[in-house]
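> No letters, just coordinates:
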């Protein structure tokens, strides 16, 4: 199993550009989520999904869209990138349940100029 | 991620000594707690978890202690090794939270001195 795979690892955007961060998992996990990590602020939840066709907002959803057409994939789209979206982005997945540990990808470091 | 580590509290520990990393939480409804380890350039990796009906849980070289009275969680690492150098995050979840959404603390950097 590859686990949770994120691409790209690094990306530089100009303000106003759009892009999609890819996330795929091969563990047949129902639950998938996106976090952003900023210095001194831990990880903050952007969006999450409890299964194919179902998505919901997390703590900091503005400026991001997600979709879940398959169990395996959960892409994160930046519609119009802003410098405030410079961050490290992590995708995570787990078995669906009340208390299940999350498995994280290795992250995408995004810089918006 | 490479920008993890700025403004983080840091714990320096001698190799072979025990490490204690502390975490405070504020939500009295939290009923599930988890510790993650994050090495430079990598995603967080699960270490150990504990439910609110317990006050102690042990793993391999790690122990988590939960004090619900003062809303405090700690991670103890026995015989700290150079490979333990990383940023450690606590996370919690409330029984009132739908799905599997975890709320993370700001992290503590552990530096192991040889």
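Looks like it came in fine. Being a predicted model, the structure only gives us computed values, none of them experimental.
> Next up, identify which helix or strand the residue in chain A positioned nearest to chain B is on.
Nearest residue of chain A to chain B: residue A:88, at 3.0 Å (CB to the nearest CB). To be clear about C-beta, it is placed using only N, CA and C from the backbone, and glycine gets the same treatment. Residue A:88 is located in strand A:87-94, with elements delineated by DSSP states H and E.
> Find the nearest non-adjacent residue to the residue most central in space within chain A, please.
Nearest to the mean C-alpha position of chain A, counting by CA atoms, centre = their mean, stands residue A:34 at 2.9 Å. Spatial nearest neighbour of residue A:34, excluding adjacent residues (CB to CB, 6 or more residues apart in numbering or on different chains): residue A:46 at 4.4 Å.
> now swap in residue A:57 and tell me
Setting aside the residues directly before and after it, residue A:57 is nearest to residue A:47 in space (CB to CB, 6+ apart), at 6.0 Å.
> Confirm that neighbour sits in a helix?
No. Checked against DSSP: H, G, I helix; E, B strand; the rest coil, residue A:47 lies outside a helix; its state is strand.
> per-residue confidence for it?
As predicted, residue A:47 sits at a pLDDT of 95.
> mind checking how far the residue nearest to residue B:24 when sequence neighbours are not counted is from chain A?
Using CB to CB, 6+ apart and skipping the chain neighbours, the partner closest in space to residue B:24 is residue B:72 (5.6 Å). For residue B:72, the distance to chain A (CB to the nearest CB, to the nearest Å) stands at 17 Å.
> pretty sure residue B:72 is in contact with residue B:22, am I right?
Yes. Under the criterion of CB atoms under 8 Å, residue B:72 makes contact with residue B:22 at 6.8 Å.
> And the helices in chain B?
For chain B, helices defined by DSSP state H do not occur.
> measure stretch B:15-30 end to end?
Between the opening and closing residues of stretch B:15-30 lies a distance of 34 Å (CA to CA, to the nearest Å).
> now do stretch A:62-81
Between the opening and closing residues of stretch A:62-81 there is a gap of 11 Å (CA to CA).
> ok, residue A:107 - contacts?
A:6, A:9, A:37, A:88-90, B:1, B:41-43 (CB atoms under 8 Å, 6 or more residues apart in numbering or on different chains).
> Pick out the one among the residues you listed with the largest number of neighbours.
The member of these that has the most neighbours, counting by other CB atoms under 10 Å in any protein chain shown, is residue A:90 with 27 neighbours.
> Name the residues linked to that residue by a beta bridge.
On the basis of DSSP bridges, residue A:90 is bridged to residue A:35.
> isn't it right up against residue A:109?
No. Judged on CB under 8 Å, residue A:90 makes no contact with residue A:109 at a distance of 10.5 Å.
> Disregarding residues adjacent in the polypeptide, which is nearest to residue B:42?
In space, residue B:42 is closest to residue A:106, 5.6 Å off (CB to CB, 6+ apart).
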